[in-house]
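Trainee: Here's a sequence, model it:
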Amino acid sequence: MDFKMALTVLVASVPFFIFTVWALVDVFMKDFGSTGRKVVWVLVAGFPFVGAVIYLVFGFRRGRKPENA
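Mentor: The predicted structure follows:
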């Protein structure tokens, strides 16, 4: 793989990485009612890109931000 191709792959993967990190941070900041549910959403959101999309579609509105935050 030459430098140009490696740079293209790196630049193309950065948005997917950022999206996955955003989903994980959002899960950690919210309360899902139980530790078990939170762990499930951490595992789902931690799966690169596809998990973040699943979290955005199904889990994003299920969690609530804590009142004291």
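
Trainee: can you pull the contacts of the most centrally placed residue in the chain?
Mentor: Closest residue to the average C-alpha location of the chain: residue 23 at 2.5 Å, with C-alpha atoms, centre = their mean. By C-beta atoms under 8 Å, 6 or more residues apart in numbering, residue 23 lies in contact with 45, 51, 52, 55, 56. Placement of C-beta: from N, CA and C, glycine included.

Trainee: in the helix ranked longest in the chain, what's buried?
Mentor: Assignment by DSSP state H gives helix 3-29 as the longest helix of the chain. Residues of helix 3-29 classed as buried by neighbour count (16 or more other C-beta atoms under 10 Å): 19, 20, 23, 24, 26, 27.

Trainee: Closest one of the residues you listed to residue 4?
Mentor: Comparing the buried residues of helix 3-29 against residue 4 with C-beta to C-beta places residue 19 closest, at 24.5 Å.

Trainee: that older thread, in PyMOL, how would I select the buried members of the contacts of residue 23?
Mentor: The following PyMOL line selects those of the contacts of residue 23 that are buried, judged by 16+ other C-beta under 10 Å:
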select buried, resi 45+51+52+55
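
Trainee: what bits of this structure have low per-residue confidence?
Mentor: Applying pLDDT under 70 to the chain picks out residues 69.

Trainee: Mind doing that once more with 80?
Mentor: 1, 68-69 (pLDDT under 80).

Trainee: picking that back up, widest-spaced pair of the contacts of residue 23?
Mentor: Spatial extent of those (C-beta to C-beta) is set by the pair 51 and 56 at 9.6 Å.

Trainee: Please consider this matter closed, and thank you.
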